[in-house]
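# got a predicted model here, sequence first, then my questions.
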Amino acid sequence: MKEESLLKGKKNIVVLGNTENEEKYAYKIKHALIDNGFNVFSVPEDGEGIGDCPFNIDIIDFCINSRRGIELIRNYGVPSSSVLAVIQPGAGSAELEECLEERGISYENGCLLVEMGKL
């Protein structure tokens, strides 16, 4: 039996990271999501425009250094506690998880490229 994807029932995703460089996973994830019909809003590592997302966010995908992720959460917040944070391999830390927990934000350590394969 196939394991259920974190993406099941989700449509609106914010990707935090370098989505302009074809060599980066944030770029690959962004384009794979778009190709699979998801609404994707990109936020660069500096957080510029994070408050400009035009849709209600289902998932925030962390493809950035955990220190930057913590700074973004502290400086900009997360629009709703119903958002699921997905922490890509290499982007996590105990401090990032604690920061999310303090704000009541659910998180999963995982890879959205893998999750798309479960759909």
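That came through fine. Numbers count the residues shown, from 1 in each chain.

# secondary structure class for the closest residue to residue 53 other than its chain neighbours?
Spatial nearest neighbour of residue 53, chain neighbours left out: residue 41 (4.5 Å); criterion: CB to CB, 6 or more residues apart in numbering. Where C-beta positions appear, they are placed from N, C-alpha and C, glycine not excepted. Under the three-state scheme (DSSP: H, G, I helix; E, B strand; the rest coil), residue 41 adopts strand.

# now the strands for this structure?
Shown for the chain, the strands assigned by DSSP state E span residues 12-16, 39-43, 59-62, 84-87, 106-109.

# tell me the most buried of these?
strand 59-62 (a mean of 26; mean count of other CB atoms under 10 Å).

# neighbouring strands - and their directions - for that one?
With DSSP bridges as the test, strand 59-62 is paired with strand 12-16 (parallel), strand 84-87 (parallel).

# contacts made by the longest one with the rest, please.
The set of residues external to strand 12-16 that reach it, using CB atoms under 8 Å, 6 or more residues apart in numbering, is 26, 29-30, 33, 38-43, 45, 47, 50, 53, 55-64, 68-69, 72, 112.

# apply 7 Å and report the result again.
With CB atoms under 7 Å, 6 or more residues apart in numbering as the test, strand 12-16 has contacts from 26, 29-30, 33, 38-43, 53, 55-64, 69, 72.
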